[in-house]
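Colleague: A structural model of the following input is requested.
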Amino acid sequence: MTHAYLYQNGAFTRLDFPSSQWTAAVGINNGRTISGIYQDNNLVTHGFTYANGVFTRVDPPNSTASALGGINNKGDVTATANVNNASTNYMGLPSNSASTHKTECQLATRAASLHR
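Modeller: So this is what the prediction gives:
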């Protein structure tokens with residue numbers, strides 16, 4: 001199993017999305033919000049954010065698999081997702097919801113390669 005870690009103040013904190021097969025942290029901003037990817041028990045990947053001890057699943061609408069990349073200081077994230085059997089890249093905002101297991105996100109697309 002692969003684990004993600006946060007290193008701060010000389011100590012490591014392990015970050016595993018609940019009930020995941022593995023978790024990988026990809027980005028962090030100055031507000032200490034972490035973005036990343038995890039694989040669920042059905043072997044499907046999902047994006048996530050982690051802030052203030054809370055994991056939030058972030059999947060673009062209609063995606064069958066996804067991953068978050070970097071996150072900036074405004075909370076904008078990059079994402080890659082499989083939508084309609086095609087890889088799609090997004091830049092947008094994760095929802096402000098504090099839910100730990102969201103099934104879909106409110107992803108405001110700013111620049112995307114969309115397959116209609």
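Colleague: Can you pull the poorly scored residue ranges out of the protein?
Modeller: Counting by pLDDT under 70, the ranges of the chain that qualify are 91-116.
Colleague: can you list contacts of the longest strand seen in the chain?
Modeller: In the chain, assigned by DSSP state E, the strand with the most residues is strand 63-71. Outside strand 63-71, the residues that touch it by C-beta atoms under 8 Å, 6 or more residues apart in numbering are 26-29, 33-37, 44-49, 58-60, 77-83, 88, 94. Every residue, glycine included, has its C-beta placed from N, CA and C.
Colleague: Pull out the buried positions in the next helix-or-strand element following that strand.
Modeller: Moving toward the C-terminus from strand 63-71, the next helix or strand (DSSP states H and E) is strand 77-83. For strand 77-83, burial by neighbour count (16 or more other C-beta atoms under 10 Å) applies to 77-83.
Colleague: what do you get for stretch 42-55?
Modeller: 45-51, 55.
Colleague: Who are the contact partners of Asn30?
Modeller: If you count contacts by C-beta under 8 Å, 6+ apart, then Asn30 has Asn73 around it.
Colleague: And for Phe55?
Modeller: Contacts of Phe55 (C-beta under 8 Å, 6+ apart): 17-18, 48-49, 100.
Colleague: Quick check: bridge partners of it?
Modeller: According to DSSP bridges, the residues that bridge with Phe55 are Tyr50.
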